[in-house]
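Novice: the following comprises the amino acid sequence and a computationally predicted model.
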Amino acid sequence: MERRTFLRRAVGMSLTLGLMTAPFAAWQTEVLPIFSQSVAEAAAPAAGAVQKDDVVLVGSLQDELGAAKEWDPADAKTIMKSDGKGHHVLIGHLPKGNYDFKIAVGGSWDVNYGANGEAGGKNIPLRLLADHDVTFTYDDATHAVTYDYAGKDAEEKALAAEGRSIVLTGTMQTKAGAKKDWDPSDTTTRMKAIGHDFYSYKMKLPAGTYYYKISVNGSWAENYGLGGNFDGANVQLTLPKAQEVTFYYNDKSHHITDSTSYTFLSDDALPVISGSFGDVKDPLMQDQMLDHLFQKTVPLKKGDYTVTVTMPGADALTQTVNVAKDGDVTFYYDSKAKHLIADDGRIREDKVYHDSWSTDYRAPFEAVREGTPLKLSLATGAGDVTNAKLVVYKAKVTANGGDEYNPDYADGTVTTYAMTKTGTKDGQDIWSVAFTPQTYGLYGYKFVLNDTKEYGDDAKPGSTGELKLRGVKPYQVTVYRRDFKTPDWAKEAVCYQIFPDRFFNGDKSNDYARANARGYQPVQHRKWSELPANYSKTPAADGDKWECNDFFGGDIAGITQKLDYLQGLGVTAIYVNPIYNACSNHRYDAVDYGTIDPFLGNFQDLETLSAEMKKRGMHLIMDGVYNHVGDDSIYFDRYGKYKTVGAYEYWSRIYDLMNDKHLTEAAAKAEARKELEAEGQVFSPWHWENWFEIRNEKTQDMMGKKYAYHDWQGYDSLVPFKDADYPGSEQGTVQSDLGDYLLYGRNGQKGVIMKWFDEGLSGWRLDVAKEVPPGFWADVRKEVKSIKNANGDDPLLLGEIWQDGSQFFTGDTFDSVMNYKLSFALGDLFLNKGDAKAADDELKVLRQNYPKEALYDLMNIVDSHDTVRALYKFGSGSDGVSQPTKKDFDYKLGKERLKLAATFLMGYPGMPTIYYGDEAGQYGSGDPDCRRTYPWGREDKDLIAYYKKVIGVRNAHKNIFSYGDVDTLKADGDIYVFARTAIDGSHDAAIVALNRGTAAQTVSVPAAGFADGTSFQDQLTGREAVVKDGQLTLNLGANQGMMLVKA
């Protein structure tokens, strides 16, 4: 999506993770020189820059200590000095307040230490009741950091006496009077203790969507989110109207909720427990989980007891309970189900085991075709469990009041299966059952033991899970249609993403094709050698105060003229960002779906491009944005530019008449139509005026006064269609004006989505796919799959998804998604952090959740128009630097690791995708800096040559790399090795090996699948390796990759 979208995602992710273990850096607004040097040119570190072994104190206290911004591991101002005795020390003056900090080494987050010296550990909190000179000491051996200041003991006693400070932290803080949102140190929203470890905070909130969590003692070091999880996801609250809301938190369970979905009971309304065990001190049962599961712990001897629960307004519940051993028994009363659970500890948690990655416990391992039996097993301590059940959910994909549609097990169907004890082994009973999902969809399963506890997935990727009283996350099973098939051309493709304004200017005659951007904003024309600039990040370098209105002249003709270059590189498919007529340079704010932006050319230019691509056997994938349009579009027409009446133009006239002349809405509608038609305006036969939500509520934005309307994620330039107007939506109908316009067409005129296939399109990349009703995407698939594309192949449907995309892979919507999950695993976990196992675990989740047809069509990426450039990230560049030059990162390191990324992508299942210019050494920080122009004439020739080589290896062995099975041979630290084995009967195979370490390594990897004496040749260096004693020994240089093909 557009530039500002990524900013929101980046900040949102950091907040969701409680600022993670390496919090995001504040966005920098420093003005840097205009980019002009060759991207292949080497650059020495700037004087005073953080060096490789420097120890840096990093955190929310950095700016107070003289740094330019917070959480910047590359700021030399907070380098700690060695004392020559095994420590590094920094002394600085800090004003009173709450801080978080940790240690980073070498100017990046690659090596960092948190609480207790743990690598990548939690932030360390610091609370100061007064201004102090604080001494920070880092131990070189243990990596622990301590701090001291005058009067520390007295202050810590005072803080302890004060108790825990529980703060409601989120996007509603400023509504309560705080200076900023997401500030754990602002006590404006400090919650009040109300007894029994409960806290509450009451406030009035306007209509809107809010996100929140709980922070403790003024910092992010201890925080709780969704489900009471430490560092958990943000909790979402959507209010359809202004209202008073009370937030509740329990400091034992750490669960959070609010009064829109939960009723907090006073003591006189709580259930009371009694029984044959005698009197209980304080017999009130408390709802610590904040979900009406009330609990009380009672010490009991082994034996049988009669237990009674009474609750005002309900019949008393009496139940006989058997206690297996002396000790504490926790009773849980479910007030909704009117059921009592007694947990006497008989189920030994360490003996309960299920591994979703082992076929001993789940078979088959992968996603299954509908009608395929799935066998599941669970181990428990011998004799602990007398009955075990498998609970299977089939999720419903729903928005639940928000913008995104996601799978929801609670809204779906549930089926329970009794499990059978099939044996006992090594002190554990084995329970098993099989079930057969008959219809496609997303399924989940968990186990229930003794009707008391549940075992399900935990927060870690796949494999083993956790035992809880209730609320475990179900393990996922993707069940897909029997006829699910995806395009083979995409499996074989090497794709190249082009942001058209920045690739090549092939026709200078269209450079000044229009004078305005959004509304009446001017257009900025920039030189090819200049940098993208936006007012919010680089105001002094922008030239005006408007966003995304700078254009560089790239166009469709430019793509056509560079096809020979792309073909020579080995590219066989091109994904191009939107080319519709639009206002901004990113063009996700469509003006007219039926025309091409005049800055990019015309339909003749597109016809030429399509024809030339077809000659070369290349496929064109276009960006489709069918969730929203621009406010300056023919459909909305906020600025009254177009002859056909837009929705805003219509409703603003109606509301003016209602407010100024006091007409009823019906009368105002009639008068508005009459006035508009008298002015020469015409109404669309598609009834655009009904597609958007516009309210009779006056407000203002950067463009001026307006009537309020539903915008996309808070960006007033983007206006979403109403969900109910899509055919296939929960609220919609089979037929609608919007559906006909976008998809089905009418009176011989094709719908937009189908029309563009006539212009040479091979497939669609569909923007913000989760925010469009899934029923519409199912309709799109039926229509699109009924035709062939310009190359005579099946069209590709690919969604923009940042999370797990399983909901789109049941065979009724998409073929593929943008694989941001792989980008995270490969780029962040492996190449940046050196944790090959963590990366492989993330990818194994995809191999389990995604049907093979989808897995092998995935658009595999390491960066895109919405992210920091890969070369810059791999070179330890900080996205807090808005317009970096080579002094801001390690170009050589970034280049070496980008080569590794290219090697991995070309060897892994899926459609490897190159973001334009990556192969030429282009770098850049966060959006919009990641959208720099292609460096024609200044390319890194060595990098281009490497890309050609690894692409050539993939294209020469498609039976292996496009279709072959994949198996991890070694994933340990800096080393990642996997095998690819052809499935066409040829016995062809390959091994891809990567070392992201800074030193050469000799690596032995298991090769049991290959006979001793089997020879492999590295296609990149020509070196050979031979299997001996079931092992393959590889000599991997520092930051080196190999693509070994079986001889």
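Specialist: In hand now; what should we look at?
Novice: residues touching the residue lying closest to residue 709 once chain neighbours are set aside, list them.
Specialist: The shortest distance from residue 709 to any non-neighbouring residue, by CB to CB, 6 or more residues apart in numbering, is to residue 694 (4.4 Å). Where C-beta positions appear, they are placed from N, C-alpha and C, glycine not excepted. Contacts for residue 694 were tallied using CB atoms under 8 Å, 6 or more residues apart in numbering; they are 647-648, 651-652, 707-710.
Novice: residue 694 and residue 643: what is the separation?
Specialist: For residue 694, the distance to residue 643 equals 20 Å [CB to CB, to the nearest Å].
Novice: quick check: buried residues in the strand or helix carrying residue 160?
Specialist: Using DSSP states H and E, residue 160 maps to helix 152-162. Going by neighbour count (16 or more other CB atoms under 10 Å), the buried part of helix 152-162 is 155, 159.
Novice: could I get the contacts of residue 694 as CSV with secondary structure, pLDDT and neighbour count?
Specialist: As requested, these are exported to CSV (DSSP: H, G, I helix; E, B strand; the rest coil; pLDDT from 0 to 100; neighbours: other CB atoms under 10 Å):
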residue, secondary structure, pLDDT, neighbour count
647, helix, 98, 26
648, helix, 98, 25
651, helix, 98, 23
652, helix, 98, 20
707, strand, 97, 18
708, strand, 95, 16
709, strand, 96, 21
710, coil, 94, 14
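Novice: farthest pair in the residues you listed?
Specialist: 652 and 710 (14.7 Å; CB to CB).
Novice: what distance separates the start and the end of stretch 584-599?
Specialist: 11 Å (CA to CA, to the nearest Å).
Novice: residue contacts, residue 634?
Specialist: Applying CB under 8 Å, 6+ apart, the residues contacting residue 634 are 591-592, 642, 644, 646, 688.
Novice: what's the pLDDT at it?
Specialist: Residue 634 is assigned a pLDDT of 98 by the prediction.
Novice: show me the chain divided up by domain.
Specialist: 44-162, 166-258, 272-334, 349-480, 651-709, 958-1046 (automatic domain parsing).
Novice: can I get these in JSON lines with distance to residue 889?
Specialist: Output for these, formatted as JSON lines (distance: least, CB to CB, whole Å):
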{"stretch": "domain 44-162", "distance to residue 889": "9"}
{"stretch": "domain 166-258", "distance to residue 889": "26"}
{"stretch": "domain 272-334", "distance to residue 889": "46"}
{"stretch": "domain 349-480", "distance to residue 889": "29"}
{"stretch": "domain 651-709", "distance to residue 889": "33"}
{"stretch": "domain 958-1046", "distance to residue 889": "15"}
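Novice: out of the ones you listed, which gets nearest to residue 490?
Specialist: Going by CB to CB, the one of the domains of the chain nearest residue 490 is domain 958-1046, 9.4 Å.
Novice: quick one: end-to-end distance for that closest one.
Specialist: Start-to-end, domain 958-1046 (CA to CA) is 14 Å.
Novice: could you pull out the strands for the stretch 551-700 of the chain?
Specialist: 573-576, 580-582, 590-596, 619-624, 628-630, 694-701 (DSSP state E, counting those that start in this stretch).
Novice: quick one: closest of the domains of the chain to residue 506.
Specialist: domain 958-1046 (31.2 Å).
Novice: check the gap between the residue lying closest to residue 879 once chain neighbours are set aside and residue 791 for me.
Specialist: Among residues not flanking residue 879 along the chain, residue 926 sits closest, at 4.4 Å (CB to CB, 6+ apart). To residue 791, residue 926 is 36 Å away according to CB to CB.
Novice: one more: residue 238?
Specialist: Distance from residue 238 to residue 791, by CB to CB: 44 Å.
Novice: sorry, back to before: buried deepest among the strands of the stretch 551-700 of the chain, which one?
Specialist: Mean neighbour counts were taken over the strands of the stretch 551-700 of the chain using mean count of other CB atoms under 10 Å, and the top value, a mean of 28, falls to strand 628-630.
Novice: pull up the pairing partners for it, direction included.
Specialist: strand 718-720 (antiparallel) (DSSP bridges).
Novice: and after the partner strand, which helix or strand comes next?
Specialist: helix 737-739.
Novice: which helices and strands sit right next to that next one?
Specialist: Judged by 3 or more CB pairs under 8 Å, 6 or more residues apart in numbering; DSSP states H and E, helix 737-739 has no packing partners among the helices and strands.
Novice: list the buried residues for the helix or strand immediately after it in the chain?
Specialist: Towards the C-terminus, the helix or strand next in line after helix 737-739, according to DSSP H and E, is helix 752-755. Within helix 752-755, the residues that count as buried by 16+ other CB under 10 Å are 752-754.
Novice: contacts for helix 752-755?
Specialist: By CB under 8 Å, 6+ apart, helix 752-755 touches 593-594, 624, 626, 741-743, 745, 764, 780, 783-784, 787.
Novice: give me the buried subset of those.
Specialist: Judged by 16+ other CB under 10 Å, buried ones among these: 593, 624, 626, 741-743, 745, 764, 780, 783-784.
Novice: quick one on the thing from earlier: out of the contacts of residue 694, who's nearest residue 284?
Specialist: For the contacts of residue 694, the closest approach to residue 284 (CB to CB) belongs to residue 710, at 45.1 Å.
Novice: what sits closest to the closest one if chain neighbours are left out?
Specialist: Nearest one to residue 710, counting by CB to CB, 6+ apart, is residue 693 at 4.0 Å.
Novice: state the distance from the one you found to residue 719.
Specialist: Residue 693 is 9 Å from residue 719, by CB to CB.
Novice: what's the answer for residue 388, then?
Specialist: 52 Å.
Novice: how about residue 898?
Specialist: Taking CB to CB, one finds residue 898 at 38 Å from residue 719.
Novice: residue 770 too?
Specialist: Where residue 719 is concerned, residue 770 sits at a distance of 18 Å (CB to CB).
Novice: higher neighbour count, these two?
Specialist: Neighbours were counted for residue 770 and for residue 719 using other CB atoms under 10 Å; residue 719 has more, 28 against 22.
Novice: quick one, what contacts that one?
Specialist: Applying CB under 8 Å, 6+ apart, the residues near residue 719 are 628-631, 633, 636, 692, 709-712.
Novice: repeat that for 6 Å
Specialist: 628-629, 631, 636, 692, 711 (CB atoms under 6 Å, 6 or more residues apart in numbering).
Novice: just give me the closest of those residues to residue 299.
Specialist: The closest of those to residue 299 turns out to be residue 711 (CB to CB; 57.7 Å).
Novice: give me phi/psi at that closest one?
Specialist: Main-chain torsions, residue 711, degrees, to the nearest 10: phi -110, psi 170.
Novice: ok, it - how many residues close by?
Specialist: 17.
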